[in-house]
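**Q** here are the coordinates; sequence isn't available:
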């Protein structure tokens, strides 16, 4: 079945994620980070931050929560049994620290069919509690066998 592009441009309500110290530590440990700013409050403060710093790729934690409603939206029409990860790109504006509340919205940027596959591209835009942009993400999913 060919892809349906009617959902392109659709934006979903924001998801708010409260960033906690232990979540930062757990994530940093899980991905093998060693920077003391991710684990030690004194090291983070000595580096000029008010609290523990989240590794840049922590954006996946708060970004995925906002992306899920878009990816599972029947109007978007992704067949998850045939979906593979196509890629992620991030543009970071400022560091996220423990205590931040990150609000992320997701938008369907494009849906295309190429070579019998569907390419579903989403954008997430994340801001902190002060309204400052912290990260923009581009998420690409490829669905095999759409035509």
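**A** Great, that's in hand. Note that the structure is a prediction, hence the values are computed from the model and not measured.
**Q** how far away is the spatially most central residue of the chain from residue 90?
**A** Nearest to the geometric centre of the chain sits residue 63, at 2.4 Å (C-alpha atoms, centre = their mean). Using C-beta to C-beta, to the nearest Å, one obtains 8 Å as the distance from residue 63 to residue 90. C-beta: built from backbone N, CA, C; applies to glycine.
**Q** go on, residue 36?
**A** 23 Å.
**Q** mind listing what's buried in the helix ranked longest in the chain?
**A** Counting residues, the longest helix found in the chain (DSSP state H) is helix 59-71. Neighbour counts using 16 or more other C-beta atoms under 10 Å place 59, 60, 61, 62, 63, 64, 65, 66, 67, 70, 71 of helix 59-71 among the buried residues.
**Q** What residues sit buried inside the longest strand along the chain?
**A** What stands out as the longest strand in the chain, according to DSSP state E, is strand 101-114. By 16+ other C-beta under 10 Å, the buried positions in strand 101-114 come out as 102, 103, 104, 105, 106, 107, 108, 111.
**Q** what residues are up against the nearest residue to residue 20 once chain neighbours are set aside?
**A** Leaving aside its sequence neighbours, residue 20 sits nearest to residue 98 (C-beta to C-beta, 6 or more residues apart in numbering; 6.0 Å). Residue 98 makes contact with 19, 20, 21, 24, 51, 52, 54, according to C-beta atoms under 8 Å, 6 or more residues apart in numbering.
**Q** Which entries within those meet the buried criterion?
**A** By 16+ other C-beta under 10 Å, the contacts of residue 98 give 19, 21, 24, 51, 52, 54 as buried.
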